[in-house]
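Asks: predicted model and sequence follow; I will ask about them next.
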Amino acid sequence: MSDKKRIIFHIDVNSAFLSWEAAYRLQQGEKIDLREIPSVVGGSEESRHGIVLAKSILAKNHKIKTGEPLFTARQKCPELVVVSPRHNLYLQCSDSLVELLKDYTPVIQRYSIDECFLDFTNMEHIYPDIIKLANDIRERVKRELGFTVNIGISNNKLLAKMASDFKKPDKVHTLFPEEIKSKMWTLPVEDLFFVGRATLPKLNKLNIFTIGDLANYDLNIIKNIFKSHGVMFWNYANGVDDSEVRKSNRVEVKSIGNSTTLPFDVKDKETAHKILLSLVETVGMRLRKSQNCCKLVSIYLRDSDFISYSHQIKLYCSTDSTKVIAKICFQLFDESWKYRHLRSMGVSVSELCNNDFFQSSIFDDPNLEKNRSIDNVMDLIRSKYGNNSVIRGTFLHSGLHPTTGGVESEDYPIMSSIL
DNA sequence: TCTGGGGTCCTAGGACCC
DNA sequence: TCTGGGGTCCTAGGACCC
């Protein structure tokens, strides 16, 4: 990589889920804009998913935080409007944004559903004025898609990301190295990327309260206390980050998991096994779709008193079979369950490897081959007709979802111009 | 009072081997 | 019987992100 200064944008959708919900509702003829009242997108309290997923700026002014229970959010603001999430709609909005951004550069990293990094290095002949470019993008997103974004500009991803977090909404900010002192070092240290709620009190104990305090602290002491994590955020505090903007489709996934908080506490092994199976159904489908097998299977349990634990096992032989993975999960469960009532359960597979070899060697074992055919046929039918078009007999009349965590196949019109 | 779901990465400690 | 130290692998748990 050359020493030439890079030009990186970080684009962040303002209150993403809430903005997308608001834009969609206006399109559908609703009169009230959720962005202009104290409102949140939140899960169903009845099924114990009642937390804040996204908040309007007016809700934020009431000190409502993302991730907090809806119950406490209402205490802070009794007139709060709560709307249910529509994840498929948000995926489509996210896709529309990325499609629009592709008009400007091919080097886009999709960092999350509502954040992208764009690289404009060596493009000054096309975009001589990058501030104007950012404002053009910002205006076009608002005009064509109906929601607003913040754009942060700098020479690396970290600084661009910090910049996009400055004043919101609908703003463009720069944070070039010469601006670090005035724009970033004055901020509280918890605003720094990767300084979370466990790290903050430890930093405060060292008399570190601002990002500037951290940047100017003795690196050796930081390293001793926080190890590699400390070296990373000390560099961040000094604006150092040389990571590349990676085209997202080239990043391979490392683990595939599915977990759920149950609408009721689970008290018996039989029900728990059924729920594990339903979780494995979606994990297995996604694993096969990614053309991988896994070598590590783990389960995750959370008691009704909120104590959680996990159990895992490394496989001698990698697999992508729903039946095999489910059987392992049952065994893991039986080995680890502490007989307390369960609030939440999860399944995850990792240490993924390409399934090519597996496919060619499988024909030695007719039983494995048969299971594989069943998986493949079920995948095909479900991809065509929806996840619940074929279900295992064990879920009939059980009152349980046969596949947990799958997205419903409801469709929403692509966000188009809203005038 | 009630507290989601999807990930990644790191560390500590124990088992085991030489 | 008790005495090393280094390396690797495995597991559990924690921290962080959106």
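Replies: Here it is on my side, so go on.
Asks: show me what contacts the closest residue to residue A:290 other than its chain neighbours?
Replies: Leaving out its chain neighbours, the residue that sits closest to residue A:290 by Cβ to Cβ, 6 or more residues apart in numbering is residue A:253, at 6.3 Å. C-betas here are computed from N, CA, C, even on glycine. Remark: with contacts taken as Cβ atoms under 8 Å, 6 or more residues apart in numbering, residue A:253 is in contact with A:290, A:292, A:352.
Asks: what does residue A:350 give?
Replies: Taking Cβ under 8 Å, 6+ apart as the test, what residue A:350 contacts is A:254, A:255, A:256, A:294, A:295, A:296, A:298.
Asks: what's the answer for residue A:378, then?
Replies: Counted by Cβ under 8 Å, 6+ apart, residue A:378 has contacts A:285, A:322, A:390.
Asks: so which of these is surrounded by the most neighbours?
Replies: Using other Cβ atoms under 10 Å as the neighbour criterion, residue A:322 leads these with 24 neighbours.
Asks: what pLDDT does the closest residue in space to that one that isn't next to it in sequence get?
Replies: Spatially, and ignoring its direct neighbours in sequence, residue A:322 is nearest to residue A:284 (3.7 Å; Cβ to Cβ, 6+ apart). Note for residue A:284: predicted pLDDT of 97.
Asks: and residue A:284, how many residues sit next to it?
Replies: Per other Cβ under 10 Å, the neighbour tally for residue A:284 reads 28.
Asks: hmm, it is touching residue A:324, no?
Replies: No - checked against Cβ atoms under 8 Å, the pair residue A:284 and residue A:324 is beyond contact range at 9.0 Å.
Asks: buried residues, stretch A:224-240. List them.
Replies: Residues of stretch A:224-240 classed as buried by neighbour count (16 or more other Cβ atoms under 10 Å): A:226, A:230, A:232, A:233, A:234, A:236, A:237, A:238, A:239.
Asks: and after the helix or strand harbouring residue A:144, which helix or strand comes next?
Replies: Following DSSP states H and E, one finds residue A:144 within helix A:130-145. Toward the C-terminal end, the helix or strand that comes next after helix A:130-145 (DSSP H and E) is strand A:149-154.
Asks: I'd like to know which elements that following strand is packed against.
Replies: Under the contact criterion of 3 or more Cβ pairs under 8 Å, 6 or more residues apart in numbering; DSSP states H and E, strand A:149-154 touches strand A:8-13, helix A:130-145, helix A:157-164, strand A:172-174.
Asks: alpha carbons of the second one, in CSV - could you do that?
Replies: Right, the one you point to is helix A:130-145. Extracted in CSV, the C-alpha atoms of helix A:130-145 (Å, rounded to 0.1, in the frame of the first residue of the first chain):
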residue,chain,number,x,y,z
ILE,A,130,-15.0,15.6,-1.6
ILE,A,131,-17.2,17.8,0.7
LYS,A,132,-19.4,18.6,-2.2
LEU,A,133,-19.4,14.9,-3.1
ALA,A,134,-20.5,13.9,0.4
ASN,A,135,-23.3,16.5,0.3
ASP,A,136,-24.5,15.3,-3.1
ILE,A,137,-24.7,11.8,-1.7
ARG,A,138,-26.5,12.9,1.4
GLU,A,139,-29.0,15.0,-0.5
ARG,A,140,-29.6,12.3,-3.1
VAL,A,141,-30.3,9.6,-0.4
LYS,A,142,-32.8,11.9,1.3
ARG,A,143,-34.5,12.8,-2.0
GLU,A,144,-34.7,9.4,-3.6
LEU,A,145,-34.9,7.1,-0.6
